[in-house]
Structure formats: C-alpha cells, structure tokens
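Visitor: I need the structure of the sequence given here:
(one chain, ligands or ions: 1)
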Amino acid sequence: MEKEIYLAAGCFWGAEHYLKQIEGVTFTEVGFANGNTANPTYQEVYTDTTGYAETVHLRYDPLRVSLRFLLEMYFKAIDPTSLNQQGEDRGTRYRTGIYYTHPDDLPLIQYLMAEEAKHYALPLQVEVMPLANFYRAEDFHQDYLVNNPTGYCHLPVELFAYARTHSDSATLEKSHTYTLLLRQAKSLADGETDTIALMANMAALLHETMHFWWTGFYRVVGDELLLGPFQGPVACMHIAYGRGVCGSAWQQRRTLVVPDVEAFPGHIACSAASRSEIVVPLQVDGNVVAVLDIDSQHYATFDHCDSHYLSLLADIITCH
Ligand code: SME
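Guide: Numbering: from 1, shown residues only. Okay, the predicted model is just below:
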C-alpha cells in the first residue's frame with residue numbers, strides 16, 4: 001500500500017534530510033533522475049552534461065501522509081520560480097522537478113502546481129514529468145547530513161525542525177475516522193441480506209460522518225448505471241457505460257480519483273457545486289455490479305487514503 005514520488009529540490013543532501021523527517025515518509029534515498037546516460041556517477045552528473053537532476057526518492061504511507069501534504073512541504077523548501085538554481089547551487093542538476101511513477105498522481109500534481117502558481121508573479125519552473133530513469137547515488141551521498149551534521153546544506157536549518165513538528169493531521173484524522181466508520185459499517189452489514197437496504201445505510205453513514213456533498217450508489221442495470229440509494233441533492237438517474245467518472249470507473253474497473261471535475265474529460269455535472277469526486281467500483285467475481293460515487297464541494301478532497309478505506313467499505317457491501 002506504500003506510494004512513491006521522486007522530488008528534485010536542488011542539492012539532494014538537504015532535500016533528503018528535510019523530506020525524510022516528515023511523519024509518514026517510510027523510506028528515502030538520493031540519486032539522479034531523468035538523464036541521458038547509463039549508471040551515472042556523482043562526478044559525471046557534476047559536469048552538468050548528463051541531463052540528470054539530483055533527486056530524492058520517497059516512499060510514504062498514504063494513510064498517514066498525503067501526496068498533497070508532501071508537495072506542500074516540498075514547495076516550502078524550494079524557490080519554484082528559479083530555473084536551474086536553488087540557493088547558491090547552479091546547473092541543470094539542481095533544477096526542481098516532480099517525477100511521478102503512476103499517471104493517476106498527475107491530475108493532483110497539476111492541480112497543486114496551479115494553486116502554487118497563484119502565489120507568484122513569475123511562472124513556476126518546476127518540471128512535472130513521469131519518472132524516466134533513476135540511479136541511486138553513491139553511499140557517501142545517502143543520509144549525508146545525518147553522517148555529516150556540519151556538512152554543506154542550502155536549506156535553512158529551521159526547515160528541519162518544521163518537518164519534524166508538522167504532521168499531516170488532516171490525513172491522520174481521516175484515517176482514524178474511516179477506521180471507526182468501517183467498524184460501524186461491518187456491524188450494520190452483519191446479517192443483512194438486502195443490498196439496497198445496505199447501500200442506503202452505508203450512504204447515510206458515510207455522508208453523515210464525512211460531511212460530503214453527495215454520497216451514493218449507481219447500480220449496473222442492463223447496459224447502464226441506474227441511480228441507487230444516496231444522500232445529497234437530486235442527481236442524474238442514468239449513466240451510460242464509459243460515460244462520466246462513474247461510467248469510466250465501471251469501464252476501467254478501478255477507482256478513479258478526480259481532484260478537479262472540470263479537468264476530467266466527459267465529467268457529468270449533476271450539480272454545479274461539485275468540485276472533486278471519487279468513484280469506487282463494487283465488484284462481484286470480477287464484474288462491476290455498482291459504483292460508490294462521492295462528490296465534494298472542495299477541490300482535491302479525495303486521495304489514496306479515501307480510496308483505500310472506501311474499497312474496504314465496498315468489500316463489506318459485496319461480501320455481506
Ligand atoms: N459526476 C458523475 C455523475 C454522478 S453525480 O456526481 C452524482 C460522473 O461524472 O459520472
């Protein structure tokens with residue numbers, strides 16, 4: 001269930017030391033990303049001719065820290081408008097970059113980049129790309145500031161204390177709330193044989209507990225999705241296979257997280273107030289029988305944490 005992201009933030013000594021102290025980060029290593037040569041050494045990258053960026057590879061537990069929080073912390077440690085320079089370090093190897101390994105992370109990264117850009121008059125210079133390649137740097141560079149506490153660092157030391165003392169309380173609270181909610185969901189499902197009755201109470205439980213904008217189910221009936229039990233404003237009743245977020249989640253048989261519904265091609269706007277959405281398919285024997293659809297009035301409400309717990313909730317309904 002661990003997730004990963006690669007962040008280039010200038011000199012990787014300080015960047016790793018900062019990022020590794022954030023609660024929920026489970027692993028870090030430094031290396032060279034998105035360059036043009038095989039097996040680069042530090043000395044080769046230092047010539048600034050290899051195309052590599054000094055980069056921190058992070059693994060994190062999405063039930064404790066969100067990608068959103070990590071990127072907000074990342075932006076605190078860089079000047080995102082500076083091209084190929086952070087602090088006094090200059091060169092393409094010191095460029096800033098967010099390199100993702102799963103395309104599902106891209107919409108959120110793009111949304112957060114646009115949000116960050118609002119704070120600056122100059123355009124952001126942070127490269128957003130899929131990770132093309134990554135080579136771990138020599139051991140000397142790993143945990144450099146732990147092994148060399150007085151070593152060079154372009155970051156102010158206050159940032160390290162900041163990383164130690166600021167956890168992603170929103171995600172920690174969300175995980176806690178979902179854990180309690182799932183306990184209640186299991187007891188509600190216990191002995192209940194009617195799926196629609198169960199969906200009705202699950203929609204109510206989720207909606208009341210999490211304060212979403214719209215929470216409900218669409219069932220697969222024939223060749224379309226038909227509105228099922230829900231809480232919230234009046235919604236569209238029929239959705240075709242492959243249409244909108246719901247029909248796409250059915251077609252792709254996987255959870256879709258949409259941080260900005262307007263950026264999702266073909267999104268069906270049942271309510272103009274909806275800003276972000278998550279759709280989790282309910283599957284029986286590999287077939288989608290329904291989808292759980294949740295809308296929020298805020299952008300980027302849902303992430304890996306929601307998809308994890310909501311998939312467990314979907315299992316409770318289909319396995320009851
Ligand atoms: N927005 C959904 C349609 C359902 S409403 O959000 C309740 C979609 O694009 O599939």
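
Visitor: tell me where the stretch 1-150 of the chain has strands.
Guide: Here the stretch 1-150 of the chain has its strands, by DSSP state E, counting those that start in this stretch, at 3-9, 25-33, 53-60, 85-86, 89-90, 96-100, 127-130, 134-136.

Visitor: could these go into CSV alongside mean neighbour count and distance to C319?
Guide: Using the backbone N, CA and C atoms, a C-beta is placed for each residue, glycine as well. Listed next are the strands of the stretch 1-150 of the chain as CSV, based on neighbours: other Cβ atoms under 10 Å; distance: least, Cβ to Cβ, whole Å:
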stretch, mean neighbour count, distance to C319
strand 3-9, 23, 26
strand 25-33, 20, 30
strand 53-60, 25, 29
strand 85-86, 20, 50
strand 89-90, 14, 54
strand 96-100, 23, 33
strand 127-130, 15, 36
strand 134-136, 16, 39
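
Visitor: okay, now the closest residue to the ligand within the stretch 101-250 of the chain: neighbour count?
Guide: Nearest residue of the stretch 101-250 of the chain to the ligand (Cβ to the nearest ligand atom) works out as G244 at 2.6 Å. Residues near G244, counting by other Cβ atoms under 10 Å, number 25.

Visitor: now do L131
Guide: When counting by other Cβ under 10 Å, one arrives at 18 neighbours for L131.

Visitor: that one and Y6 touch, don't they?
Guide: Yes. Using Cβ atoms under 8 Å, L131 is in contact with Y6, at 5.2 Å.

Visitor: got any residues that touch both of the two?
Guide: A33, Y99, Y100, T101 (Cβ atoms under 8 Å, 6 or more residues apart in numbering).

Visitor: ok, so of these, who is nearest the ligand?
Guide: Y100 (23.8 Å).

Visitor: tell me what the closest one is bridged to.
Guide: Applying DSSP bridges to Y100 gives these bridge partners: P130.

Visitor: which ones are touching it?
Guide: Y100 makes contacts with I5, Y6, L106, I109, V128, M129, P130, L131, as judged by Cβ under 8 Å, 6+ apart.

Visitor: can you list these in TSV and add distance to the ligand and pLDDT?
Guide: Formatted as TSV, the contacts of Y100 follow (distance: Cβ to the nearest ligand atom, whole Å; pLDDT from 0 to 100):
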residue	distance to the ligand	pLDDT
I5	27	98
Y6	31	98
L106	19	97
I109	21	98
V128	25	98
M129	28	98
P130	26	98
L131	30	98
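
Visitor: which one of those residues is nearest S248?
Guide: Set against S248, the nearest of those by Cβ to Cβ is L106 (15.6 Å).

Visitor: burial count for the closest one?
Guide: Residues lying near L106 (other Cβ under 10 Å) number 15.

Visitor: for N148, same thing?
Guide: Other residues close to N148 by other Cβ under 10 Å number 12.

Visitor: wait, what's in contact with the closest residue to A263 other than its chain neighbours?
Guide: Nearest non-adjacent residue to A263, counting by Cβ to Cβ, 6 or more residues apart in numbering: P107, 6.2 Å away. Contact analysis of P107 by Cβ under 8 Å, 6+ apart lists V257, V258, P259, D260, A263, F264.

Visitor: buried residues in the lengthiest helix in the chain?
Guide: Using DSSP state H to define each element, the chain has its longest helix at helix 169-189. Across helix 169-189, burial judged by 16 or more other Cβ atoms under 10 Å covers T171, L172, K174, S175, Y178, L181, L182, A185, L188, A189.

Visitor: and the second one, how far from Y18?
Guide: Distance, L172 to Y18, using Cβ to Cβ, to the nearest Å: 20 Å.

Visitor: got it, and the fourth one?
Guide: As defined by Cβ to Cβ, S175 lies at a distance of 24 Å from Y18.

Visitor: so is G216 in a helix, a strand, or just coil?
Guide: The assignment at G216 comes out as strand when based on DSSP: H, G, I helix; E, B strand; the rest coil.

Visitor: residues near it, how many?
Guide: With other Cβ under 10 Å as criterion, G216 counts 24.

Visitor: and the closest residue to it other than its chain neighbours, what does it touch?
Guide: Nearest residue to G216, sequence neighbours excluded (Cβ to Cβ, 6+ apart): F230, at 2.3 Å. When contacts are counted by Cβ under 8 Å, 6+ apart, F230 touches A203, W214, T215, G216, F217.

Visitor: dump the residues you listed to JSON lines, plus distance to T301 and pLDDT.
Guide: Listed next are those as JSON lines, based on distance: Cβ to Cβ, whole Å; pLDDT from 0 to 100:
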{"residue": "A203", "distance to T301": "17", "pLDDT": "98"}
{"residue": "W214", "distance to T301": "12", "pLDDT": "98"}
{"residue": "T215", "distance to T301": "12", "pLDDT": "98"}
{"residue": "G216", "distance to T301": "16", "pLDDT": "98"}
{"residue": "F217", "distance to T301": "19", "pLDDT": "98"}
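
Visitor: most neighbours among those residues, which one is it?
Guide: Of the contacts of F230, with other Cβ under 10 Å as the count, F217 tops at 27 neighbours.
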